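>>> Give me coordinates for this.
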Amino acid sequence: MDTEYEFTLPKGYLDSAGEVHRRGRMRLATAGDEISATHDPRVLSNPSYLTIVVLSRVITQLEGVDNVTATTIERLFTADLAYLQDMYQRINDIEPPVMQVVCPDCGRQFEVPLNFTGEG
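You can find the predicted model right below:
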């Protein structure tokens, strides 16, 4: 099973010296990555910061950057952030599970998302 995946950012991370860094690696997330990120003070004060913290944990390498931190992720162009968010969802298979069902009236088959939270 692959646990690390290479990527190339569409725009690239522009460092303080003006150099662009595009190639990197992302690993699969663990439950601990997501749980510990929810306890980060920046996330507690701004829940939308969760993505930044989680990505800073799972990006293991960005060419020419010694340590990928939340600040590194903050400084990405929005196209690169969107690319990494999409990659994170794809490699971690974050899609709601669905169930094949059949309409009792017309017999048509379709998919219904499963909801384990009891909401909605």
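>>> Run a quick neighbour tally on the closest residue to residue 15 other than its chain neighbours.
With sequence-adjacent residues excluded and distances taken as CB to CB, 6 or more residues apart in numbering, residue 15 is closest to residue 21, at 6.5 Å. Using the backbone N, CA and C atoms, a C-beta is placed for each residue, glycine as well. Residue 21 is flanked by 16 other residues according to other CB atoms under 10 Å.
>>> ok, now which ones touch residue 21?
When contacts are counted by CB atoms under 8 Å, 6 or more residues apart in numbering, residue 21 touches 9, 12-13, 15, 62-65.
>>> so residue 84 makes contact with residue 72?
No: using CB atoms under 8 Å, residue 84 makes no contact with residue 72, being 11.1 Å away.
>>> Report pLDDT for the residue of the chain positioned farthest from its centre.
Residue farthest from the centre of the chain, counting by CA atoms, centre = their mean, is residue 105 at 40.3 Å. If you check residue 105, the pLDDT there is 86.
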